[in-house]
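Enquirer: sequence below, structure please.
(chains A, B, C and D)
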2 protein chains.
Amino acid sequence: MVTIKDVARAAGVSVATVSRVYNSSAPVRQDTRDRVRAVAEQLGYSPHGAARSLITSRTHTLGVLLPDLYGEFFSEVIRGVDGAAQRAGYHLLVSSLRGESHGLEAALRSMRGRVDGLIVMSPDLDAGAAGRSLPSGFPVVLLNGPPSDAAYASLVVANAEGAQAMVAHLAGLGHRRIALVGGAARNYDAEERRRGYRQGLGEAGLPWRPDYEVAGDFSEESGHAAALRLLSLPEPPTAIFAANDCMAIGALSACRDHGRKVPDDVAVAGFDDIPMARYVDPALTSVHVDISALGARATERLLDALRAPANRDLRRETLATTLVVRRSCGALTPTPMREIP
Amino acid sequence: MVTIKDVARAAGVSVATVSRVYNSSAPVRQDTRDRVRAVAEQLGYSPHGAARSLITSRTHTLGVLLPDLYGEFFSEVIRGVDGAAQRAGYHLLVSSLRGESHGLEAALRSMRGRVDGLIVMSPDLDAGAAGRSLPSGFPVVLLNGPPSDAAYASLVVANAEGAQAMVAHLAGLGHRRIALVGGAARNYDAEERRRGYRQGLGEAGLPWRPDYEVAGDFSEESGHAAALRLLSLPEPPTAIFAANDCMAIGALSACRDHGRKVPDDVAVAGFDDIPMARYVDPALTSVHVDISALGARATERLLDALRAPANRDLRRETLATTLVVRRSCGALTPTPMREIP
DNA sequence: TTGTAAGCGTTATCAG
DNA sequence: CTGATAACGCTTACAA
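Expert: Reported below is the predicted structural model:
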């Protein structure tokens, strides 16, 4: 491994000069600079990150902690985070929690001294403990977490508002029996979407019925099962609103299995508007969430915090959603697909 | 930030002892050990990764370089890699290349001293340069790359075999006019799948027709466009085989738009068998690739290489695929979905 | 079983 | 503009 010393020796300068060339931390004469560059290039030198961060106490790395790495949703989050991080010259240390309860704490500890800040997505309601494992004052942005941890900058999707808008839309189409396929238990997004659903019912003057609220876990399979249960009710719903698109797609296939035409016999809607949504049959009405923008925005806030640790901005920011009407909800006028900017 | 010195002082021992407690590198008396642990715990100490790896020259981190972070495919790869890495106590430094041609080289350089080994996915055919940017002897596993770089351990999906099997299946169902929606240009997977397609035609005694091979780029949109073009031919194909599932799903929607029933009027098949495949309508016949297993296997090989740098195994390993028959190909007997173990 | 001290590859400080 | 040299936090001989 070629070090700064080798370069210095070969270029006939001191290590300090080589360092200065690489950091432009002080003026270096043009010809020395060129010579150093040339020698370094030829030797195949590049600075050793760990050594660098030992002295600067900056790693130029952001930690990303996700509950799981499954499906398009997380792929999109990482995509957004990666883009923003890369633009700022930062690396990404990614780790998933895989449901271990104390995993968060362990993950946090093992990342000490390896990251300058953290993006933590912990939609788990009981994960209030998150905060305690962190050195206080360590730059963190919380993604889609419950609001309890007021001590951290956080970013959430307008879950309740989106769900409410969807119910309003369905009610506006004349549906009186609107069911919900709920998300994973003890999941904040799921709870918020449920809250929005109920609120939407209320505003539309529709009664809340316990048999119209069945549990899912965000997977296609659970959506399928839940929809089958709903369709088998003595008085089945005329609209099924799933708390995410995967479940909605599962619901679509359940309708087929059950011999119900969508949207003629029953309307189906989802949440998230994953890319696939417009390609299923019928194209899925959904609540659009710009997931990669969520990741990018989280990253930007984290980077801001790193640049100016003094005036830390701990606000809770909400990312708006948009209703995207497609065929699956049977909008009376065959609405053209709404453009997402 | 609390360092090893603070712990040593507070526990009334030397830093060496604290270090030994954390590394079990030498015997420490039980009571000293307990005292150190207690003090460390109370002070909230955890070893500084960068400092550690500076002296040990091991980062306990693996670099993952992906061409892009889009869609379920990459999400699954990372998932597999993360699982295997986490089991072995390794971190993941993830980065995408975003199509910058010299991005690979830059990414590699910037990771120097931050990772112990690399998993590089560079399906780009012209990326033979990959190797040259790496310090020779650095542990690397290549994923889905062209075979030119014989100097590295590599892992590939049995693309050609899978495609060939699909064509054989379609021909077996009586199809004589089988078209291909190809993958991205200059992409190794895409080329291999095309090769398998042509080979399959040959073995089935079917002629290769230039108008039956249209280009795509692995996106739903391109699959949609390509299928429309195929269906508008004077003599349209009776089966459309897309080089991945996203494009196949695009093709399904194109068939609907064109008023063709799948599978009655035209058969459609994909490649990858992403989770979504079984939930589209009709359920998509595809070539199953265990993507997360691919990632996990790559990681295991890399870890092996790290543990025993001496006997390095540079073989090229091929991951088998399985044909998954679902409704979209119109298999004459409505075959039940084949179980994936 | 424990302590002392020499690095690991950088950057930062201070002279020149 | 450039060069010595002291950190940074840790591990690891070598001594005790």
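
Enquirer: flag every residue of the stretch 151-300 of chain A that's near chain B.
Expert: Selection of the stretch 151-300 of chain A residues close to chain B by CB under 8 Å from any CB of the partner chain yields A:220, A:224, A:249-250, A:252-253, A:256, A:275-276, A:278-281, A:283. For glycine as for every other residue, the C-beta is placed from the backbone atoms N, C-alpha and C.

Enquirer: now with 7 Å?
Expert: Taking CB under 7 Å from any CB of the partner chain as the criterion, the stretch 151-300 of chain A approaches chain B at residues A:Glu220, A:Ile249, A:Gly250, A:Leu252, A:Ser253, A:Arg256, A:Pro275, A:Met276, A:Tyr279, A:Val280, A:Asp281.

Enquirer: now the terminal residues of stretch A:56-73, how far apart.
Expert: For stretch A:56-73, the separation between the terminal residues is 35 Å (CA to CA, to the nearest Å).

Enquirer: chain center to it, what's the gap?
Expert: Counting by CA atoms, centre = their mean, to the nearest Å, stretch A:56-73 is centred 11 Å from the centre of its parent chain.

Enquirer: I'd like the mean pLDDT over that stretch, please.
Expert: Stretch A:56-73 comes out with an average pLDDT of 85.

Enquirer: list the contacts of A:Asp304.
Expert: Taking CB atoms under 7 Å, 6 or more residues apart in numbering or on different chains as the criterion, A:Asp304 is in contact with A:Asp313.

Enquirer: mind checking how far it is from DNA strand C?
Expert: In this structure, A:Asp304 and DNA strand C are separated by 21 Å, where distance is defined by CB to the nearest atom of the strand, to the nearest Å.

Enquirer: A:Leu108 too?
Expert: According to CB to the nearest atom of the strand, A:Leu108 stands 24 Å off from DNA strand C.

Enquirer: just A:His288 next, same as before
Expert: As judged by CB to the nearest atom of the strand, A:His288 and DNA strand C stand 44 Å apart.

Enquirer: for A:Val120, name its beta-bridge partners.
Expert: Taking DSSP bridges, one obtains A:Leu65, A:Leu142 as the residues bridged to A:Val120.

Enquirer: so it makes contact with A:Pro139?
Expert: No - under the contact definition of CB atoms under 7 Å, A:Val120 does not touch A:Pro139, with a separation of 11.1 Å.

Enquirer: who has more neighbours, the two?
Expert: For A:Val120 versus A:Pro139, neighbours defined as other CB atoms under 10 Å in any protein chain shown are more numerous around A:Val120 (27 against 21).

Enquirer: what segments of chain A are helices?
Expert: If DSSP state H is used as the criterion, the helices of chain A fall at A:4-11, A:15-23, A:30-43, A:49-56, A:71-87, A:103-110, A:130-133, A:159-172, A:188-203, A:220-231, A:245-257, A:291-307.

Enquirer: lowest average confidence across the ones you listed, which one?
Expert: Across the helices of chain A, helix A:130-133 has the smallest mean pLDDT, namely a mean of 54.

Enquirer: from the residues of the stretch 151-300 of chain A next to chain B, which is closest to A:Ile291?
Expert: Minimum distance to A:Ile291 across these is 10.1 Å, recorded for A:Pro275 (CB to CB).

Enquirer: got the contact list for the closest one?
Expert: A:Glu72, B:Glu220.

Enquirer: roughly how far does it sit from A:Arg297?
Expert: 19 Å (CB to CB, to the nearest Å).

Enquirer: could the residues of the stretch 151-300 of chain A next to chain B be laid out in CSV, adding distance to DNA strand D?
Expert: Listed next are these as CSV, based on distance: CB to the nearest atom of the strand, whole Å:
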residue, distance to DNA strand D
A:Glu220, 45
A:Ile249, 48
A:Gly250, 48
A:Leu252, 54
A:Ser253, 53
A:Arg256, 58
A:Pro275, 44
A:Met276, 46
A:Tyr279, 51
A:Val280, 52
A:Asp281, 57
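
Enquirer: for these, work out which two are farthest apart.
Expert: Spatially, the most separated pair among those is A:Arg256 and A:Pro275, at 21.7 Å (CB to CB).

Enquirer: re the thing from before, which of the helices of chain A sits most buried?
Expert: Neighbour counts (mean count of other CB atoms under 10 Å in any protein chain shown) averaged over each of the helices of chain A peak at helix A:245-257, with a mean of 26.

Enquirer: now that one and helix A:71-87, what's the angle there?
Expert: Helix A:245-257 and helix A:71-87 meet at an angle of 160 degrees, taking axes from the mean of the first three to the mean of the last three CA atoms, to 10 degrees as the criterion.

Enquirer: surely A:Gly113 and B:Ser53 touch.
Expert: No - with contact defined as CB under 7 Å, A:Gly113 does not reach B:Ser53; the gap is 9.4 Å.

Enquirer: hang on, the earlier thing: of the residues of the stretch 151-300 of chain A next to chain B, closest to B:His91?
Expert: Taking CB to CB as the measure, B:His91 lies nearest A:Pro275 of these, at 29.3 Å.

Enquirer: how much space between A:Ser232 and chain B?
Expert: Here the criterion is CB to the nearest CB, to the nearest Å. By it, A:Ser232 lies 20 Å from chain B.

Enquirer: excluding its backbone neighbours, what's nearest that residue?
Expert: If you skip the residues right next to it in sequence, A:Ser232 has A:His258 as its closest partner in space, 7.8 Å away by CB to CB, 6 or more residues apart in numbering or on different chains.

Enquirer: go on, A:Gly295?
Expert: In this structure, A:Gly295 finds its nearest non-sequential neighbour in A:Gly80, 2.8 Å apart by CB to CB, 6+ apart.

Enquirer: list the residues that contact the one you found.
Expert: A:Gly80 makes contacts with A:Ile291, A:Ser292, A:Ala293, A:Leu294, A:Gly295, A:Ala296, as judged by CB under 7 Å, 6+ apart.

Enquirer: can you put the residues you listed in TSV and add distance to B:Glu213?
Expert: Compiled in TSV, the contacts of A:Gly80 are given as follows (distance: CB to CB, whole Å):
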residue	distance to B:Glu213
A:Ile291	35
A:Ser292	33
A:Ala293	37
A:Leu294	39
A:Gly295	37
A:Ala296	38
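
Enquirer: near DNA strand D, which residues of the stretch 101-250 of chain A?
Expert: On the criterion CB under 7 Å from any atom of the strand, DNA strand D has as its neighbours in the stretch 101-250 of chain A the residues A:Gly113.

Enquirer: just give me the neighbour total for A:Pro309.
Expert: Counted with other CB under 10 Å, A:Pro309 comes out at 11.

Enquirer: name the nearest of the residues of the stretch 151-300 of chain A next to chain B relative to A:Pro47.
Expert: Checking those against A:Pro47 by CB to CB gives A:Pro275 as the nearest, at 39.0 Å.
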